[in-house]
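Chemist: missing the sequence, but the structure's below:
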């Protein structure tokens, strides 16, 4: 099973934008770990927006 390239790029861009991690670091993550970071970042962004 291959992971959709568009979704992989979207996740990588999201993590890199918010945490400034390099592409190699992000792509070296397991799929499940990368999805977890996306969820955690989304929660942080949501909390920040509600607090503004």
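Modeler: Yep, it's here. Note that this is a predicted model, so its numbers are computed, not measured.
Chemist: for the strand or helix carrying residue 39, name the packing helices and strands.
Modeler: Assigned by DSSP states H and E, residue 39 belongs to helix 31-51. Under the contact definition 3 or more Cβ pairs under 8 Å, 6 or more residues apart in numbering; DSSP states H and E, helix 31-51 sits against helix 5-19. Glycine gets a C-beta too; all of them are placed from N, C-alpha and C.
Chemist: state the mean pLDDT of the helix it packs on.
Modeler: pLDDT averaged over helix 5-19 equals 95, rounded to a whole number.
Chemist: angle of it against helix 31-51?
Modeler: Going by axes from the mean of the first three to the mean of the last three Cα atoms, to 10 degrees, helix 5-19 is angled at 50 degrees with respect to helix 31-51.
Chemist: residues touching helix 5-19, excluding its own?
Modeler: The list of residues contacting helix 5-19 from outside it, by Cβ atoms under 8 Å, 6 or more residues apart in numbering, reads 21, 22, 23, 26, 27, 34, 35, 37, 38, 41, 44, 45.
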